[in-house]
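Chemist: build me a model:
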Amino acid sequence: HFYETFLNQYDPTTREKRGVYYTPEPVVKYIVNSVHHLLKTRFNLPDGLADPSVTVLDPAAGTLTFPAEAIKLAVKEFVEKYGEGGKKEFIRNQVLKNFYALELMMAPYAIGHMKMSFLLESLGCRLEGEDAFQLYLTNTLEMEDIAQIEIPGIRSLSEESLRAGNVKRDPVLVIMGNPPYSGNSANKNKWTEKLLKKDMDGAQSYYKVDGKPLGERNPKWLQNDYVKFLRFAQWKIQRAGKGIVAMITSHSYLNSPTFRGMRQSLLQTFDETYILNLHGNVNQHETTPEGGKDENVFDITEGVSIVILLKHDKDICN
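Modeler: I've put the predicted structure just below:
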């Protein structure tokens, strides 16, 4: 949490540009518990996040708030069902192998590694030797790996880039988190343009509706960072053939005409959609049902919502 406060004082421009906002604990718990419940009830995985087939990715991890909560819940599930005896091996075989996180900025990346080390030790698994949580320093929305370089120090960065690239491309079952919201996106490259504007592995472009161009005179809001992260998550689940996306984002895509192609694309990819609109939009003068001030869960003027999207394995869809 202190990192957001520090950046707000030290470099508020970077904070706004990169969309650094700490996710309140009740929001994190709600999303993680929802995913755990849906894995059990909709994906026939009775151990939820503790199931050995479950892979989890936070693509904009910050200081690992979401992965930390998911790990605590998975360990709790395992211990309650199978006892303390196998907990350490469970953490090594499930958490360290199947939980992933990607982060762009160095400070939260460093804090995240320290936080995870402390958390795992508190859960009874001290990291030793080559042990490490799979948090990688990378821009999730870029697909070019750093070339392999033999220079000491630089080589380790290129190796980390290669591993991060594998995480971006390989299938995962659950993608969750709080992606940055920034209308003036700092993530502008050829791959993200293709991701948004082209059909990708069967996922319809956000720039067309019913097979025709979107026709918006100024579709700039589709360049918001949160839109790109949702699209990235959709693309990965579409390629995998099944999975869950669970995120808290701006709620602007829910009703604006500019996002009608995005809405149609998401509905085509996913079999179930759950949305909890938390409102809090100062710009739209939203109020409570009693007419009072509609408080936002973040210290921002833009309203937010939680979205949970499910794509079923067709063999178990019901």
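Chemist: could you use CA atoms for every contact and neighbour count after this?
Modeler: Will do.
Chemist: can you pull out the low-pLDDT segments for this structure?
Modeler: 1-21, 145-158, 183-186, 299-301, 314-318 (pLDDT under 70).
Chemist: try 50
Modeler: The model of the chain has pLDDT under 50 over residues 1, 3, 7, 10-11, 15, 19, 146-151, 316-318.
Chemist: that one: helices as residue ranges?
Modeler: Assigned by DSSP state H, the helices in the chain fall at 2-10, 12-18, 25-42, 65-82, 87-90, 96-98, 106-122, 154-169, 190-197, 225-240, 260-269.
Chemist: closest to Leu276 out of these?
Modeler: Shortest separation from Leu276 across the helices of the chain is recorded for helix 25-42, at 10.5 Å, computed as CA to CA.
Chemist: angle of that closest one against helix 65-82?
Modeler: 50 degrees (axes from the mean of the first three to the mean of the last three CA atoms, to 10 degrees).
Chemist: how about helix 25-42: buried residues?
Modeler: 27-29, 31-33, 35-40, 42 (16 or more other CA atoms under 10 Å).
Chemist: now stretch 121-139
Modeler: By neighbour count with 16+ other CA under 10 Å, stretch 121-139 contains the buried residues 125, 127, 133-139.
Chemist: tell me which of the helices of the chain lies nearest to Glu286.
Modeler: For those, the distance to Glu286 is smallest for helix 25-42, at 20.1 Å, taking CA to CA.
Chemist: any idea how far that closest one is from the chain center?
Modeler: A distance of 14 Å separates the centroid of the chain from that of helix 25-42, by CA atoms, centre = their mean, to the nearest Å.
Chemist: returning to what we had before: dump the buried residues of helix 25-42 to CSV, plus distance to Gly261.
Modeler: Below are those laid out as CSV (distance: CA to CA, whole Å):
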residue, distance to Gly261
Val27, 28
Val28, 28
Lys29, 31
Ile31, 26
Val32, 28
Asn33, 30
Val35, 26
His36, 30
His37, 30
Leu38, 27
Leu39, 28
Lys40, 31
Arg42, 27
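Chemist: ok so, going back, hey, which of the helices of the chain is tucked in deepest?
Modeler: Across the helices of the chain, averaging neighbours per residue (mean count of other CA atoms under 10 Å) puts helix 225-240 on top, at a mean of 23.
Chemist: angle of it against helix 260-269?
Modeler: 30 degrees.
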